[in-house]
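[1] got a structure for you, letters missing:
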Ligand code: CA2
């Protein structure tokens, strides 16, 4: 049994409260619940962490080193700007899944660049709440292949 760490970045705590046309009506607790169910169905444990602060996200990634087999991360808008989060992910040796509710490639130009994309194992984007389950299943499949 392994630990999968799910990290959610800035503003994702507001899910379900605003912009339902873009992000849906489900709450972050709903999404985390789906992710946890997928991890437990595969015999793993899911830990989850949300923060609006870049440094706290970096510390969570560092804390996964040598402890968690996989990190699933929705970095929010830090996806497009944070070389510091990209560096933290690069220093983490486990499976890494970048996750987005929306299809960032179909939105504004500035959302089409991910600075974390080059350092992750793979990306799940555009499937809304379902993406949380899919991202954990992708991490589990990647762990089984390793
Ligand atoms: O699609 C995603 O999951 C994003 O990571 C969500 C971020 C956005 O900046 C990324 O480009 C794509 C936004 C986080 C959620 O922001 C909300 C704001 C208001 C109400 C609900 C959510």
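    Here it is on my side, so go on. All values reported here derive from a predicted model rather than from experimental measurement.
[2] pick out the residue closest to the middle of this protein.
    residue 73 (1.9 Å; Cα atoms, centre = their mean).
[3] so what's that residue closest to, chain neighbours aside?
    Closest residue to residue 73 apart from its sequence neighbours, by Cβ to Cβ, 6 or more residues apart in numbering: residue 7 at 4.3 Å. In short, each C-beta sits where N, CA and C put it, glycine included.
[4] just residue 30 next, same as before
    residue 129 (6.2 Å).
[5] can you pull the contacts of that neighbour?
    24, 26, 30, 31, 34, 101 (Cβ atoms under 8 Å, 6 or more residues apart in numbering).
[6] now rank those residues by neighbours and give me the top one.
    residue 31 (27 neighbours; other Cβ atoms under 10 Å).
[7] correct me if wrong: that residue contacts residue 135.
    No - judged on Cβ atoms under 8 Å, residue 31 makes no contact with residue 135 at a distance of 9.9 Å.
[8] what's in contact with the helix or strand of the chain with the lowest mean pLDDT?
    Each helix and strand of the chain was given a mean pLDDT (mean pLDDT, DSSP states H and E); the minimum falls on helix 20-23 at a mean of 86. With contact meaning Cβ under 8 Å, 6+ apart, helix 20-23 is reached by 15, 16, 101, 102, 128.
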